[in-house]
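**Student:** Provide a 3D model corresponding to the input given below.
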Amino acid sequence: MFHSPFLLRSEQAPNEKKIEILIPDGSDGESNWGKDSLQFEDLDILGDASEENSKSLFEKAKESFLNSIDRFKKTNDLVNAKRKEFDQRTFEADRYEWQKKNRRENFERSLARDLNKSRSDSIHLLVSSMNSLERIQNPKVKDTETYRDLQANVYREYIKHQLALKNFLQAMDLLERYIQIGNKYYEDSEAHGFLANCYERAYRLSKKNRDDQAQEKYDILRKKHGLLYAEFKFGKNSADYQEFSKELFKD
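**Tutor:** Predicted coordinates:
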């Protein structure tokens, strides 16, 4: 089962940010991580999936997933509309720049609270979706691309929300599960890039806490997934891969 998140945060340490510098922060708009999830195709249960319980659980998982997408999109659209309206308004009481700056900062904090609340609500629905998928046992439903595609989509949305909230530990756990779904997910360069960034933050935190064992573990993992990112992004025999690996292991 999946449970509520807790935060893993790290202090800034510029000389330890190899992964953060080498791998871009954010998703490629053309990749599965950057696409609008509302374009997610409807999933059809195979006709021979005769176990009604598994079918019902699958539909429940899909419904929770789509509700999470719809809920956050509505909030995000509302936030964008509010920001546009704010930008078009003139506040006569703001005579000085510091007043304008304070008003803008307070407004943005309010929007951030709305977005974070919506992210938390969406995460709750995604956890519900994951739990429904976990309960499916019938191989006629579970051992299909349809099941794996939904599972991957749920994981991606959950991971993106946790990364936005800076809950790197939760993102790290689901990213490891994501790449184990199947070969095409293991070869997802962005997943390894996100993992490498998460492990780098864990590495910096363990270094700050003087936990040598954890520091060594996370150093190995950040470099492992950094190399896998470069391999699947550029190709192992490419000049870009060679340059990336050289920078990654530079002292």
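**Student:** in this structure, which spans are helices?
**Tutor:** 18-22, 52-88, 97-135, 139-142, 145-164, 168-178, 183-186, 189-208, 212-234, 239-248 (DSSP state H).
**Student:** Looking at these, which is nearest to residue 32?
**Tutor:** helix 145-164 (6.5 Å; Cβ to Cβ). Where you see a C-beta, it was placed from the backbone N, CA and C, and this is true even at glycine.
**Student:** Who are the packing partners of the closest one?
**Tutor:** helix 52-88, helix 97-135, helix 168-178 (3 or more Cβ pairs under 8 Å, 6 or more residues apart in numbering; DSSP states H and E).
**Student:** What residues sit buried inside the shortest one?
**Tutor:** Going by neighbour count (16 or more other Cβ atoms under 10 Å), the buried part of helix 168-178 is 168, 169, 170, 171, 172, 173, 174, 175, 177, 178.
**Student:** Would you mind giving these as CSV with pLDDT added?
**Tutor:** Listed next are these as CSV, based on pLDDT from 0 to 100:
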residue, pLDDT
168, 93
169, 91
170, 92
171, 96
172, 95
173, 95
174, 97
175, 98
177, 97
178, 98
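**Student:** quick one: which of those is nearest residue 149?
**Tutor:** Using Cβ to Cβ, the buried residues of helix 168-178 come closest to residue 149 at residue 178, 12.2 Å.
**Student:** measure the residue lying closest to the closest one once chain neighbours are set aside to residue 84 for me?
**Tutor:** Once flanking residues are discounted, residue 178 sits nearest to residue 155: 4.5 Å by Cβ to Cβ, 6 or more residues apart in numbering. Residue 155 sits 32 Å away from residue 84, going by Cβ to Cβ, to the nearest Å.
**Student:** quick one on the thing from earlier: mind putting the helices of the chain into a markdown table with distance to residue 31?
**Tutor:** Below are the helices of the chain laid out as a markdown table (distance: least, Cβ to Cβ, whole Å):
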| stretch | distance to residue 31 |
| --- | --- |
| helix 18-22 | 18 |
| helix 52-88 | 17 |
| helix 97-135 | 19 |
| helix 139-142 | 26 |
| helix 145-164 | 10 |
| helix 168-178 | 13 |
| helix 183-186 | 12 |
| helix 189-208 | 6 |
| helix 212-234 | 10 |
| helix 239-248 | 17 |
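**Student:** ok, and which of the ones you listed has the densest surroundings?
**Tutor:** Among these, helix 189-208 has the highest mean neighbour count (mean count of other Cβ atoms under 10 Å), at a mean of 23.
**Student:** and that helix, what does it pack onto?
**Tutor:** helix 18-22, helix 168-178, helix 212-234.
**Student:** Tell me what angle it forms with helix 212-234.
**Tutor:** Going by axes from the mean of the first three to the mean of the last three Cα atoms, to 10 degrees, helix 189-208 is angled at 160 degrees with respect to helix 212-234.
**Student:** one step back: what's near enough to touch the residue nearest to residue 178?
**Tutor:** 130, 174, 175, 177, 178, 181 (Cβ atoms under 8 Å, 6 or more residues apart in numbering).
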